[in-house]
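S.K.: what would the 3D arrangement of this be:
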Amino acid sequence: MPLDLPAPTLRNVLKVFTPVDSAVVEYLPTMAGIGWMLFYWLRHKDQWEWAEQLPLILLVSIVTSAYTWSFDQVVFLPAIFQGAAWVRGRRVGWYGKAAVVFYGGIDIFYLTMKFVVVNDFWYFWMAPAYLANYLVLRKESSSANIREV
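M.R.: Predicted structure coming up:
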């Protein structure tokens with residue numbers, strides 16, 4: 001039954017790979033996500049624009065979620081579209097373009113693994129990889145904007 005299988009989340013990674021059997025340890029990623037959101041909101045609330053902020057919030061929420069599956073990652077589309085717009089608008093340098101290649105590598109590796117690994121738990125690395133890749137593109141984009149000014 002699918003509900004009996006461990007979901008590909010950092011919560012389950014901690015649950016499976018750490019000897020500590022505690023609900024506190026299991027919910028550390030979720031608590032970290034809530035803490036990050038409060039910090040991020042307080043830092044950016046004065047210049048808040050949903051179109052700019054939502055992709056990052058969606059990525060962090062999936063990475064720190066207590067329960068999600070790899071097919072839930074369709075939620076990443078706003079971040080992917082935003083990153084594509086940055087690349088197309090030439091708001092990123094070579095490092096940002098390498099992040100686009102890395103994104104393709106994540107997808108190819110995922111599709112290749114699907115032929116070998118059936119259990120969805122082993123795809124826990126995908127959401128953090130997408131988040132890291134997005135953060136590289138975001139930094140590159142903001143650096144390019146600073147250089148243009």
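
S.K.: spatially central residue for this protein, please.
M.R.: residue 131 (2.9 Å; Cα atoms, centre = their mean).

S.K.: for that one, grab phi and psi.
M.R.: Main-chain torsions, residue 131, degrees, to the nearest 10: phi -60, psi -50.

S.K.: try residue 101
M.R.: Taking degrees, to the nearest 10 as the convention, residue 101 sits at phi -60, psi -40.

S.K.: burial count for it?
M.R.: 9 (other Cβ atoms under 10 Å). Backbone N, C-alpha and C define where each C-beta goes, glycine included.

S.K.: please apply the same query to the one 5 residues further on.
M.R.: Other residues near residue 106 come to 15 when the count uses other Cβ under 10 Å.

S.K.: could you say which helix or strand contains it?
M.R.: Element membership of residue 106, judged by DSSP states H and E, is helix 94-114.

S.K.: got a pLDDT number for the residue nearest to the centre of the chain?
M.R.: Looking at residue 131, its pLDDT reads 94.

S.K.: buried ones in the helix holding residue 106?
M.R.: By neighbour count on 16 or more other Cβ atoms under 10 Å, the buried set for helix 94-114 is 96, 99-100, 102-103, 110.

S.K.: residues contacting the residue nearest to the centre of the chain?
M.R.: Residues near residue 131 by Cβ atoms under 8 Å, 6 or more residues apart in numbering: 59-60, 63.

S.K.: among those residues, which lie within helices?
M.R.: 59-60, 63 (DSSP state H).

S.K.: what's the closest of those to residue 25?
M.R.: Among those, residue 63 lies closest to residue 25 (Cβ to Cβ), at 16.8 Å.

S.K.: what's the neighbour count on that closest one?
M.R.: For residue 63, using other Cβ under 10 Å, the count is 22.

S.K.: so which strand or helix has the residue nearest to it when sequence neighbours are not counted?
M.R.: Counting by Cβ to Cβ, 6 or more residues apart in numbering, residue 63 lies nearest to residue 127, which is 4.6 Å off, once chain neighbours are set aside. For residue 127, the host element (DSSP H and E) is helix 126-148.
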